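Participant: Okay, sequence plus prediction incoming.
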Number of protein chains: 2
Amino acid sequence: VVPATVPAVTSRIQLGVVGAGQLGRMLHQAAIGLGVEILFMADGQSDPAAQVSPNVQIGSAMSAEDLATMATSCDVVSFEHEVVNLEAIARLAEGGAVFRPGSHALGVVADKIGMRTAVEAAGLPVPPWRVIETTAAAVAAMAEWSEVVLKVSRGGYDGRGVFVAEEPDHAVTLASELLSGGARLLAEPRLAFDAELAVVVARRPGGDAVVYDPVTTVQIDGQCRQVSAPATVPASTAADAVEMARSVAEAIDAVGLVAVELFFVGGRLLINELAVRPHNTGHHTIDAAVTSQFENHIRAVLDLPLGAATLRTPATMVNVVGNAAGDDPRDTLAAAAAADPGAHIHLYGKSPRPDRKIGHVTVCDDDPARASVRAWRVVAALRGDVPARIEETLV
Amino acid sequence: VVPATVPAVTSRIQLGVVGAGQLGRMLHQAAIGLGVEILFMADGQSDPAAQVSPNVQIGSAMSAEDLATMATSCDVVSFEHEVVNLEAIARLAEGGAVFRPGSHALGVVADKIGMRTAVEAAGLPVPPWRVIETTAAAVAAMAEWSEVVLKVSRGGYDGRGVFVAEEPDHAVTLASELLSGGARLLAEPRLAFDAELAVVVARRPGGDAVVYDPVTTVQIDGQCRQVSAPATVPASTAADAVEMARSVAEAIDAVGLVAVELFFVGGRLLINELAVRPHNTGHHTIDAAVTSQFENHIRAVLDLPLGAATLRTPATMVNVVGNAAGDDPRDTLAAAAAADPGAHIHLYGKSPRPDRKIGHVTVCDDDPARASVRAWRVVAALRGDVPARIEETLV
């Protein structure tokens, strides 16, 4: 049951954040500097943000009651993920609760079909795509595009919910399984893109916005693994990406951060994905930009003047993902610190599991190739990969 | 009663920090990135670090029992201030507890007379000075130096416990009052120095150390108010200051950070003060150095390889001290953010009181004069000083 109105209380906490993963953890670091108190909604005390903050509400983003409790305790409620009870958020907002972003922007990005539709409606370019409601439609898509990417419209992340079909039979099997499971699907051609880019925008309620420099991203198995700033694309392409990201943020009336992921293919930019929260493709801004994405998310949702998004230095960020043995990077911190005294190590306090994002490393270096090599070297040390182990014994 | 030995428990917390002021708060920000958990010893839950950390032990740095509790809970115990029970720390260390820095280094810096003696014993230059045990000795110092600075040997900070006598009568009155209060005193001539410098060193247990670039500091009423990095002194002077700071850290066998404050007078460097903890003259390193002093303090006391202390950019830091009205800078955050989108604002969550340090602002700018103007402008906005109020209405 969602209360009809939110009681007018003098809130003790300025900002509530739904979710307490690594994004929340890094929001807390930024909030400390601003003197802003955050209440985190966490699944449990061991969540990355809950480990480091005294203000934790154990609850679920799908629970209308838990969302109402947070809205009552906080002046503004924001999010570090988009798997939330949109209906409850809309109802609470009608009753006076302040959610930033609001249910409209959250709804757009939570559904890939809705997102593509909204971006097209704003006159912005997206890859060729169609909704797939039958196996016959999947076969037709294969006939047209030869290789097809099938995506579930809701709930996918980090490559989950994304499937590539190279043969018609495979497309039929995939579509049949996913549709019978009740998923809505969209299909698009597998694009031989020249690069994947991302742009992060911070936007205040009135529309004031700052845009970070576009970055080049590298995904492995659909998961973001490396981000290089600035993107290695022509200046006019970077300027176009910035304007497209600004337009998207405007079109969906997002407040807070908007991350826009784009394909750069045949000289054109196509908008692939959106998020309305701090994003993996902005982690380098902690160490490489004047104001980090985390600080600007807080400024934006609290309607404070935004900090400069200027890049201070070229930088490369590499994610630390769990190794097969489930080793904890906290145990290899000494080797990683020894591997490069100039690297910025960020660990999330998460239990290591294979392929889980458990940290990241940023290296600021004028030479992008060297930045990348240095960052991967530290990540290898954190993962206990063999070359780093050998180096450790030499230190 | 101090227990004879510390029980060998599997500690849950890697690092204990005695004290939970702004230095602890900024240590927590750095620890989050490293995945290091800190237990803070706080006077109360409203202490700056206790506000932002879930791991707080309410206790006193003078209580042997509280120190023993912390030593039992943590692998390593460090400090953010030096007003501690040295005897208890020495006793607990004999029983196996790990305090970094140890009681020797803490003892040296807690007592100005002992500190001067130790620095001289290491063959390093200090200002002319003497112990004052009688009013006659104060009169003699006046006769020799015409203007005398009288300092209480223990417990002074931020200009407290420091007195300037310009007339013999005043020297007699001061010495008489302070001596009858039981204080040990030292006297030195009031030096017409050309600049005040400071150097921060981070040192591991084995002696590995990194040294930050010397900075120029400006005190107002004995309180540090502005720090500019790098120091505007000849390169050879900067190099000498670095070597002197390194030697001091070695001489007192400090582990963690050592801050060395120096007078630059008539072409000579004289060591004035020492601290063995994060220091106000290193706050700019959060935004302007590759590795902040806070991160390097944690690395040093946990015996991890140190991060690079390299300055990334010239920068100026200005402290935010409470205004006469006791206004809270959290209430003027919007005006401060509007005043300069490139400034780094750091608020400590402290109740504002006149002249209390409640935050700082760092501006990175290649032009030192402009950096200073920009930082003071943001500080004025945070303090609600009139010019900033005018600007705010124009934004």
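Facilitator: Here it is on my side, so go on.

Participant: Give me the residue ranges of the stretch 151-300 of chain A where confidence is low.
Facilitator: When the per-residue scores of the stretch 151-300 of chain A are filtered using pLDDT under 70, the ranges that remain are A:156-159.

Participant: Around chain B, pick out the residues from it.
Facilitator: For the stretch 151-300 of chain A, the residues in contact with chain B (CB under 8 Å from any CB of the partner chain) are A:210, A:290, A:291, A:299. In this view, the C-beta of every residue, glycine as well, is placed from N, C-alpha and C.

Participant: ok, those residues vs residue B:318, which is closest?
Facilitator: residue A:290 (17.4 Å; CB to CB).

Participant: Name all residues that make contact with the closest one.
Facilitator: A:307, A:308, A:309, A:310, A:312, B:341, B:342, B:364 (CB atoms under 8 Å, 6 or more residues apart in numbering or on different chains).

Participant: Residue A:36 touches residue A:299, doesn't it?
Facilitator: No - here residue A:36 does not reach residue A:299: they are 9.1 Å apart, not a contact under CB atoms under 8 Å.

Participant: Which one's more surrounded, these two?
Facilitator: Taking other CB atoms under 10 Å in any protein chain shown, residue A:36 and residue A:299 do not tie; residue A:299 has more neighbours (25 against 22).

Participant: can you tell me which helix or strand the residue nearest to that one when sequence neighbours are not counted belongs to?
Facilitator: Counting by CB to CB, 6 or more residues apart in numbering or on different chains, residue A:306 is the residue found nearest to residue A:299 once chain neighbours are left out, at 5.3 Å. Applying DSSP states H and E as the criterion places residue A:306 outside every helix and strand.

Participant: how much space between the most centrally placed residue in chain A and residue A:292?
Facilitator: The central residue of chain A, meaning the one whose C-alpha is nearest the mean C-alpha position (CA atoms, centre = their mean), is residue A:279 at 3.1 Å. According to CB to CB, to the nearest Å, residue A:279 and residue A:292 sit 12 Å apart.

Participant: Tell me where the stretch 251-395 of chain A has strands.
Facilitator: Listed in chain order, the strands of the stretch 251-395 of chain A (DSSP state E, counting those that start in this stretch) span residues A:256-265, A:268-275, A:315-321, A:344-347, A:357-364.

Participant: who does the first one touch, helix- and strand-wise?
Facilitator: So the one you mean is strand A:256-265. Contact analysis of strand A:256-265 by 3 or more CB pairs under 8 Å, 6 or more residues apart in numbering or on different chains; DSSP states H and E lists strand A:195-203, helix A:235-251, strand A:268-275, helix A:293-301 as its packing neighbours.

Participant: redo that, cut-off 10 Å
Facilitator: In terms of contacts (3 or more CB pairs under 10 Å, 6 or more residues apart in numbering or on different chains; DSSP states H and E), strand A:256-265 is packed against strand A:74-79, helix A:103-110, strand A:195-203, strand A:209-211, strand A:215-220, helix A:235-251, strand A:268-275, helix A:293-301.

Participant: That one pairs with which strands?
Facilitator: Based on DSSP bridges, the strands next to strand A:256-265 in the sheet, each with its direction, are strand A:195-203 (antiparallel), strand A:268-275 (antiparallel).

Participant: What of the shortest one?
Facilitator: Here strand A:344-347 is paired, per DSSP bridges, with strand A:357-364 (antiparallel).

Participant: so residue A:47 touches residue B:54, yeah?
Facilitator: No - in this structure, residue A:47 sits apart from residue B:54 without contact. The criterion is CB atoms under 10 Å, and the distance is 11.6 Å.

Participant: what's near enough to touch residue A:56?
Facilitator: A:20, A:24, A:38-42, A:44-45, A:47, A:49-50, B:54 (CB atoms under 10 Å, 6 or more residues apart in numbering or on different chains).

Participant: Let me have these in TSV, extended by distance to residue A:134.
Facilitator: Listed next are those as TSV, based on distance: CB to CB, whole Å:
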residue	distance to residue A:134
A:20	41
A:24	41
A:38	46
A:39	46
A:40	43
A:41	39
A:42	41
A:44	42
A:45	46
A:47	41
A:49	43
A:50	44
B:54	52
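
Participant: Find residues that contact each of residue A:279 and residue A:292.
Facilitator: With the criterion set as CB under 10 Å, 6+ apart, the overlap between the contacts of residue A:279 and residue A:292 is A:212, A:285.
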